[in-house]
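A.B. asks: Fold the following, please.
(chains A and B)
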Number of protein chains: 2
Amino acid sequence: MDKQNEKINSVHGGDIYSDGIFKGYELLDFSSNINPIGISNSFKENILEGIKNAELYPDIHYRELKANLIHYLNKAYITKENIVLGNGAAEIIDLVISCFKSITIAVPSFAEYEIDAKKWGCEVKFSTRSDTMELVYDDILNKFKTTDAVIIGNPNNPDGSLIDKEKFMPIIKYAEETGKTIIIDEAFIEFAYSGANSYISELKEYKCIFIIRALTKFFGMPGIRFGYGISKDNALISEIIRKQNPWNINCFAELAVKYVLRDEGYINKSREWIKEEINYLPKALEKISFIQKVYPTNCNFILCKLKNFNGSRLYNLCLEKGIVIRKASNFRGLDDNFVRFAIKDRDKNNKLVEALKDIEEAL
Amino acid sequence: MDKQNEKINSVHGGDIYSDGIFKGYELLDFSSNINPIGISNSFKENILEGIKNAELYPDIHYRELKANLIHYLNKAYITKENIVLGNGAAEIIDLVISCFKSITIAVPSFAEYEIDAKKWGCEVKFSTRSDTMELVYDDILNKFKTTDAVIIGNPNNPDGSLIDKEKFMPIIKYAEETGKTIIIDEAFIEFAYSGANSYISELKEYKCIFIIRALTKFFGMPGIRFGYGISKDNALISEIIRKQNPWNINCFAELAVKYVLRDEGYINKSREWIKEEINYLPKALEKISFIQKVYPTNCNFILCKLKNFNGSRLYNLCLEKGIVIRKASNFRGLDDNFVRFAIKDRDKNNKLVEALKDIEEAL
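C.D. replies: Below is the predicted model:
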């Protein structure tokens, strides 16, 4: 394994290939934050259309794909000039960051923000959340004043918190007045089931906002590689498109956008599931004696702070029981007292809770 | 349509979305160079495996995919450290070019070489082929002496010619001695059915060679988006990987590599087809009075020079008959006297020939 790979390995969850499958057995993966309902039937049922399309170059302008996204977003003010398509959200994050000379990253957060910024020689300032994992809005504004852009998850990985819209408004107004950019990563927004939590409505009035979305998490399709950026700042959208390669979206991602985003059965079932489990798993985790704090989440993962216990030890003990959890020590701003659990279906959530109880009893 | 899109539209074949499908009828597409046999059954038969994998993040190291490529390439000296994977050959072309400050492009050739070089601020020198579409080896060597890299298609798009290995050897030796790089785009190499035409054997001895390959053309899967680079220059491979985003290859591309590259039935059938048609269509085209020259090809497309006729006019006349051909005037070094025809199956090739004969008669 080369150094680049080691680096990548150390900053992401979900590397079940290194942890298990390649050793010959399957693991229960609580490190990766994917909708456990799996892929929508509407995708599977139309797979022959995808195979047929694989024989053609995609439309270099992706007209139908963009029309399908616009239908899903359901906002009259969003046109195809406001959308840029990515080979996963990873491509969008990378390229939007490449457009700025300096950026404020609210941490802890998805590791790629910092990796991408450093790759492009973009100067980085970090705004660290409070002990209760709340954004320190004054600090963000101060750091934003000396940088070109700010990037924040909404809900944020690894803690699942949403931006407080009222407290964030002065930052948006500052960006709008100064022509700076606020990048809001909404890869998990569909789990935070009230639409009011998204910044999609604010796009109408604020050109400074750039939203990142994906099919990866809520629609359970990380293998398909599809993400997108939305902004009324058409110059920024065009700048990103100029940096992209032609035909960057594969035909199966096109197929997914066409069918899964209209699959109300899947969407409703997924929302019911998360509504149930978000009220269940955190409460169960709170009863585990070596968990000091369960941070309130708005999506499908839970950040926990451990008590007299470290994340590496818990990781190893869980792995012995066939469960992969996410050590959170490599999130900037966190240490080895933190771990992150994905929320799965009730059966699997119970297996996690049982495993943690067994570990508790054996202490 | 924005300016970027117009630019892209003007330099590639295969934009049947603008030319026809969106107007409500299907066209016979002789502008796009894809194997007309279509997608291998071995891919279709295993599609459920792809759907299952779509629910997981791909292996961030793509270990199995690289092992499958190495098996296909069948050279003991090629290891996974010698391979970089791309979301289409487009990503590989873009990123390998980004590693150099200056490059010599042998023209006419695939338009992306120049587009990518300019995007990265890479200084470009052009070495133009002779009137018989042969590389001018002395000129390439001279221009290479003041640039860091050279890029050539083998077979080359749009004319289908192969590099003359004997005449090219001094250029390879110069690159090896000076630490410069020769990029050989072999996206169409499987159509040139003698393995001796590829530079894969020369990789063993010459670290200076970087080969680009893809599933797009011979395996008939442009929608799947998969290309790769191979070189014994591990530092260059690592430099490209450092510039990439994680999980850049989708699960259906992984599936394709796993099955189609081992599908000997498909490979043999495709080679038999091209062997037949490469002996048929060029001869039929030579009989058309307004075609002055049919350039000898080694793969699935044919460059023609017209006589007292221009490519735009022929394009329009063919389009009236439901056939899209490739105007070649936007290939640097060519003008509106040139057109390119893909080679399809016998039935379609005959339809093209009949259409051209009809046009000839109506003159």
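A.B. asks: Quick check: chain neighbours aside, which residue is closest to the residue in the stretch 101-250 of chain A that chain B sits nearest to?
C.D. replies: Residue nearest to chain B within the stretch 101-250 of chain A (CB to the nearest CB): A:G223, separated by 3.3 Å. All C-beta atoms are positioned from the backbone trio N, CA, C, and that covers glycine. For A:G223, ignoring the flanking residues on the chain, the nearest one in space by CB to CB, 6 or more residues apart in numbering or on different chains is B:C251 at 3.3 Å.
A.B. asks: Now A:E239: phi and psi?
C.D. replies: Main-chain torsions, A:E239, degrees, to the nearest 10: phi -60, psi -40.
A.B. asks: which residues does the residue nearest to it when sequence neighbours are not counted contact?
C.D. replies: Spatial nearest neighbour of A:E239, excluding adjacent residues (CB to CB, 6+ apart): A:C99 at 5.4 Å. Residues near A:C99 by CB atoms under 8 Å, 6 or more residues apart in numbering or on different chains: A:149, A:181, A:236, A:239-240.
A.B. asks: I'd like the secondary structure assignment at A:C99, please.
C.D. replies: Three-state assignment for A:C99 (DSSP: H, G, I helix; E, B strand; the rest coil): coil.
A.B. asks: Phi and psi next, for it.
C.D. replies: phi -80, psi 0.
A.B. asks: can you confirm A:G229 is in a strand?
C.D. replies: Yes - assessed with three-state DSSP, A:G229 lies in a strand.
A.B. asks: Check the contact between it and A:I240; I expect there is one.
C.D. replies: Yes - contact criterion CB atoms under 8 Å: A:G229 and A:I240 qualify, at 6.7 Å.
A.B. asks: In the stretch 251-363 of chain A, what residue comes closest to chain B?
C.D. replies: A:C251 (3.3 Å).
A.B. asks: burial count for A:F144?
C.D. replies: By other CB atoms under 10 Å in any protein chain shown, the residues close to A:F144 number 23.
A.B. asks: Distance check, it against B:I278.
C.D. replies: Separation of A:F144 from B:I278 (CB to CB, to the nearest Å): 61 Å.
A.B. asks: ok, now A:V324?
C.D. replies: Distance of A:V324 to B:I278, given as CB to CB: 53 Å.
A.B. asks: Tell me the bridge partners for A:I302.
C.D. replies: Counting by DSSP bridges, A:I302 forms beta bridges with A:F341.
A.B. asks: for the one 4 residues further on, same thing?
C.D. replies: With DSSP bridges as the criterion, the beta-bridge partners of A:L306 are A:I291.
A.B. asks: Can you pull the residues of the stretch 51-200 of chain A lying near chain B?
C.D. replies: By the rule CB under 8 Å from any CB of the partner chain, the part of the stretch 51-200 of chain A lying against chain B is A:51, A:53-61, A:63, A:81, A:87-88, A:90-91, A:94, A:112, A:119.
A.B. asks: Mind checking which of these are in helices?
C.D. replies: A:51, A:53-54, A:63, A:90-91, A:94, A:112, A:119 (DSSP state H).
A.B. asks: Ranking by neighbours, what's the top pick from these?
C.D. replies: If you count neighbours using other CB under 10 Å, the busiest of those is A:E91, which has 29 neighbours.
A.B. asks: now chain A, which segments are flagged as low pLDDT?
C.D. replies: Low-confidence segments of chain A (pLDDT under 70): A:1-11, A:13-25.
A.B. asks: residues touching the residue most central in space within it, list them.
C.D. replies: Using CA atoms, centre = their mean, the residue of chain A that lies closest to the mean C-alpha position is A:A187, 3.9 Å off. Residues near A:A187 by CB under 8 Å, 6+ apart: A:89, A:153, A:157, A:212-214, A:216-217, A:227.
A.B. asks: out of these, which are inside strands?
C.D. replies: Counting by DSSP state E, the contacts of A:A187 place A:153, A:212-214, A:227 in strands.
A.B. asks: Tell me the secondary structure of A:V339, please.
C.D. replies: strand.
A.B. asks: from memory it sits against A:V324, does it?
C.D. replies: No - checked against CB under 8 Å, the pair A:V339 and A:V324 is beyond contact range at 11.1 Å.
A.B. asks: Those two: which is more packed in?
C.D. replies: More crowded of A:V339 and A:V324, by other CB under 10 Å: A:V339, with 27 against 21.
A.B. asks: partners of whichever strand or helix holds A:I182, with directions?
C.D. replies: For A:I182, the host element (DSSP states H and E) is strand A:181-185. Strand A:181-185 sits in its sheet next to strand A:149-153 (parallel), strand A:209-214 (parallel), going by DSSP bridges.
A.B. asks: and of these, who's closest to B:E134?
C.D. replies: Between B:E134 and the strands paired with strand A:181-185, the shortest separation by CB to CB is 48.4 Å, and it involves strand A:209-214.
A.B. asks: got a list of contacts for the closest one?
C.D. replies: Outside strand A:209-214, the residues that touch it by CB under 8 Å, 6+ apart are A:88-89, A:92-93, A:96, A:172, A:175, A:181-187, A:189, A:198-200, A:202-203, A:226-233, A:236.
A.B. asks: same thing but 6 Å
C.D. replies: Contacts with strand A:209-214, where a contact means CB atoms under 6 Å, 6 or more residues apart in numbering or on different chains, come from A:89, A:92, A:96, A:181-187, A:199, A:202-203, A:227-231.
A.B. asks: how much does that strand deviate in direction from strand A:227-231?
C.D. replies: Orientation of strand A:209-214 against strand A:227-231 (axes from the mean of the first three to the mean of the last three CA atoms, to 10 degrees) gives an angle of 160 degrees.
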